[in-house]
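Trainee: Here's a sequence, model it:
(4 chains)
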Protein chains: 2
Amino acid sequence: MSETPHILHKKLTMQDVADAAGVSPMTVSNCFRYPDRVREKTRSTVMKIAAELGYVPNLSAGTLAAGSSRVIGAVLPSMRNSSFYNYTAGLRRAAAERGFELITMIAETPEEELSAVQTLLGLRVAGIALVAGPHAPELRQLLVLAGVPVVESWGGDGAIGRGVSYDVGAASRALTRHLIAQGRRRIGFVEVTGGGGQRYAMRLPAFRQEMFAAGLSDSLVLTVRAADGFGSGARILDEFLATDPNLDAILCPTDVVAAGALFECQRRGLSVPGDIAVAGWGDYDIGRQVSPTLTTVRAFSDEIGKGAIEVLVSGEGAKAPLSTPFALEVRESA
Amino acid sequence: MSETPHILHKKLTMQDVADAAGVSPMTVSNCFRYPDRVREKTRSTVMKIAAELGYVPNLSAGTLAAGSSRVIGAVLPSMRNSSFYNYTAGLRRAAAERGFELITMIAETPEEELSAVQTLLGLRVAGIALVAGPHAPELRQLLVLAGVPVVESWGGDGAIGRGVSYDVGAASRALTRHLIAQGRRRIGFVEVTGGGGQRYAMRLPAFRQEMFAAGLSDSLVLTVRAADGFGSGARILDEFLATDPNLDAILCPTDVVAAGALFECQRRGLSVPGDIAVAGWGDYDIGRQVSPTLTTVRAFSDEIGKGAIEVLVSGEGAKAPLSTPFALEVRESA
DNA sequence: CAAATTTTTTGTAGCGCTACAATTCTGCCG
DNA sequence: CGGCAGAATTGTAGCGCTACAAAAAATTTG
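Mentor: Numbers count the residues shown, from 1 in each chain, chains lettered A, B, ... in the order given. Below is the predicted model of the structure:
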């Protein structure tokens, strides 16, 4: 009685388009995959009819028959900050330029990441872009066995597949040297261990190295498990000042945290950079907007994305990590 | 000479796993798709062998054979703010609960969106989640012809597929009434036209309605093409004060813009909310962190995502838009 | 204008998996 | 211990497309 009279979507196949256009299915296939193989006139007829019918080639069938696809998969740990935004934009742009489509999957835990990779593998994507961080133990072998091109962005030497990253250590040294050159002596460093810890791992040794070289104490290190949002910036400042009231600079893990610390300084009536220099990391939007503007490290995340695609597409997976540029952005806060 | 001795990745198929486990391919298939149909003992053997071999079922083949997949596709206009972050998180969580995987594609223009939808259609996804905004003209018909379940998040009556959204008009009225109740009289409203304009469309009429009802002037409307980042907040404040130096409140399109306006107020020595009330929209992280904290509208974007998945999975595409909750978050700035 | 060449178009034969029906195996009752 | 219902397993027959080789058509050449 109450049956909804659904439209009969007899599924369109290449054959339907071929019939309507008076050509063979292979010609339709060629129109989509190798336009150059088909005469201009034939192609335009076929494409017009395909569009009229609303035909979209079945990629599943195509991938199955061809054994490969023109889709690249990326797994992201989260989409919260502009680094990842720029990274994804770089991936997408570079993929598009080379005729690939990019699909992304979000995974917040190693288990979710593993599951996402399995889906991507199941889709038989042409390549997989991972982000450095804690991985499930089975992940590496799974990817090796699958034999798919893989890159690990922000990954260093032990990367799964090939690493694509900027030199975090060099950036950290440059930033530390800058603070020292500005006359800072009691510099606090915030070390992050949880979550994306791996991506930050080289910062602390580099910091220590420069502090040591300058004959300064590298003991003002605060270890936090995770640092997200402005709130943690405030908490970090709290703890640092409790440890050493004469602190004259802090190195924060991200611009967001730095902004949080900055707001807290303002709340306490501390002048930045007069009393305390505050340095961020990552060149997020916010760092350009707060007052004073934040001195930070710019990672050109879009270049990382672009590099990742190039590595995946070129198939040069076995080489040393690809290094992308970075820049020290000296602004007002330090 | 310099040939890299590549490992011979003879592609693993279900047959290989079946042989190794001493069962038929169909049993392997059932283990993955319908675990209940297989005896516990058989299943554990098969799954163990599959894991050892690093076998991952070919979803392309599966989708082709079954005619449908357990993957849902979402197209996002950008990933810049926490609304979309929460939205995606809601999508992902709800999809996982129902045994679906979520893949996302980013599209910044209507053309890119169309292309993304074609890829998703080609993958024969089980459903597509769109975000309201300007669409390519062909998009609607393409989706109708494809007969795929579609939802348009933040979409209203004219949505492609089924709309899932909170009542933007009601939220705007509530916020306006709140400002009026606080004694504000010269209230400026920022109207956004470009990009995601559609998602904001109902705000201005609702604002006017309440201003009119209160016998106030609704003429302080500033129209901007796009409002992104803190910078536009500063510019907007500039322009409003040039138009009416006695302005006592502004309604910003997002918390980010509101924060920018707030910073600009502080730079000019204007007290918030003393001299000017500033209201944001969207309940982004930043609104909780700046001082004063921002009064805003909370959209529960994760609920929109959850609702979208429910609509897609249940197949109830023809009904009226699904309405999700919202809340007026009264904080310090207004 | 026939022969040689190049460009277009077209069959054939699967790709790896799943729906479905048919078959074989269990355990259990009379 | 035969007979049976129900559970577990297994063939069969494609899903829609593309690689490849072969055929046909268009173009050039002698």
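Trainee: CA atoms for contacts and neighbours, from now on please.
Mentor: Will do.
Trainee: how about the strands of chain A, start to end?
Mentor: A:71-76, A:101-106, A:127-131, A:150-153, A:162-166, A:187-192, A:221-224, A:249-251, A:277-279, A:296-298, A:322-324, A:327-329 (DSSP state E).
Trainee: out of those, nearest to DNA strand D?
Mentor: strand A:71-76 (13.0 Å; Cα to the nearest atom of the strand).
Trainee: Partner strands of the closest one, with direction?
Mentor: Looking at strand A:71-76 with DSSP bridges, its partner strands are strand A:101-106 (parallel), strand A:127-131 (parallel).
Trainee: mind giving me a markdown table with the ones you listed and columns for mean pLDDT and distance to residue A:112?
Mentor: Formatted as a markdown table, the strands paired with strand A:71-76 follow (pLDDT from 0 to 100; distance: least, Cα to Cα, whole Å):
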| stretch | mean pLDDT | distance to residue A:112 |
| --- | --- | --- |
| strand A:101-106 | 96 | 8 |
| strand A:127-131 | 96 | 13 |
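Trainee: Between these, which one is closest to residue B:330.
Mentor: strand A:101-106 (32.1 Å; Cα to Cα).
Trainee: Would you mind pulling the contact partners of the worst-scoring helix or strand of chain A on mean pLDDT?
Mentor: Ranked by mean pLDDT, DSSP states H and E, the weakest helix or strand in chain A is helix A:197-200, scoring a mean of 73. For helix A:197-200, contacts defined as Cα atoms under 8 Å, 6 or more residues apart in numbering or on different chains pick out A:132, A:133, A:134, A:154, A:155, A:168, A:191, A:192, A:253.
Trainee: Could you tell me how far that helix lies from the centre of the chain?
Mentor: Centroid displacement of helix A:197-200 relative to its chain, using Cα atoms, centre = their mean, to the nearest Å, is 13 Å.
Trainee: Equivalent analysis for stretch A:120-137, please.
Mentor: Taking the mean of its C-alpha atoms, stretch A:120-137 sits 13 Å from the chain's own mean (Cα atoms, centre = their mean).
Trainee: What of stretch A:180-193?
Mentor: 27 Å.
Trainee: and that stretch, what's its mean pLDDT?
Mentor: Taken as a whole, stretch A:180-193 has a mean pLDDT of 93.
Trainee: Next, the distance between the ends of that stretch.
Mentor: 25 Å (Cα to Cα, to the nearest Å).
Trainee: Show residues contacting it.
Mentor: The contact list for stretch A:180-193 (Cα under 8 Å, 6+ apart) reads A:200, A:204, A:214, A:216-218, A:220-227, A:236, A:240, A:246-253, A:277, A:334.
Trainee: Name whatever forms a beta bridge with residue A:329.
Mentor: On the basis of DSSP bridges, residue A:329 is bridged to residue A:296.
Trainee: How much space separates it from residue B:293?
Mentor: According to Cα to Cα, residue A:329 stands 29 Å off from residue B:293.
Trainee: likewise residue A:90?
Mentor: 34 Å.
Trainee: Could you identify the buried members of the contacts of stretch A:180-193?
Mentor: Neighbour-count burial (16 or more other Cα atoms under 10 Å in any protein chain shown) applied to the contacts of stretch A:180-193 gives A:200, A:204, A:218, A:220-221, A:227, A:236, A:240, A:247-253, A:277, A:334.
Trainee: picking up where we left off before, out of the contacts of helix A:197-200, which comes closest to chain B?
Mentor: Distance to chain B across the contacts of helix A:197-200 (Cα to the nearest Cα) is lowest for residue A:253, with 17.5 Å.
Trainee: show me what contacts that closest one?
Mentor: Contacts of residue A:253 (Cα under 8 Å, 6+ apart): A:190, A:191, A:192, A:200, A:227, A:280, A:281.
Trainee: any idea which of these has the most stuff around it?
Mentor: Neighbour counts for the contacts of residue A:253 (other Cα atoms under 10 Å in any protein chain shown) peak at residue A:280, which has 27 neighbours.
Trainee: got the phi/psi numbers for it?
Mentor: The phi/psi pair for residue A:280 (degrees, to the nearest 10) reads phi -100, psi -160.
Trainee: Model confidence for it, exactly?
Mentor: On the pLDDT scale, residue A:280 is placed at 95.
Trainee: what does residue A:97 give?
Mentor: According to the model, residue A:97 scores 94 on pLDDT.
Trainee: Can you get me a residue count around it?
Mentor: Neighbours of residue A:97 (other Cα under 10 Å): 10.
Trainee: and if you look at residue A:167?
Mentor: 18.
Trainee: can you pull the contacts of it?
Mentor: A:323, A:324, A:325, A:326 are the contacts of residue A:167 under Cα under 8 Å, 6+ apart.
Trainee: Please tell me I have it right and the second one contacts residue A:170.
Mentor: Going back to what we said before, that points to residue A:324. No. If you go by Cα atoms under 8 Å, residue A:324 and residue A:170 don't touch, sitting 11.9 Å apart.
Trainee: Compare those two and say which is more crowded by neighbours.
Mentor: A direct count of neighbours by other Cα under 10 Å for residue A:324 and residue A:170 places residue A:324 higher, at 19 against 15.
Trainee: Give me the local confidence score for the more buried one.
Mentor: For residue A:324, the model assigns a pLDDT of 96.
Trainee: Could you give the bridge partners of it?
Mentor: residue A:166.
Trainee: how about the residues of the stretch 1-150 of chain A near DNA strand D?
Mentor: Proximity of the stretch 1-150 of chain A to DNA strand D (Cα under 7 Å from any atom of the strand) is limited to residues A:11-15, A:25-26, A:28-30, A:32-33, A:56-59, A:61-66.
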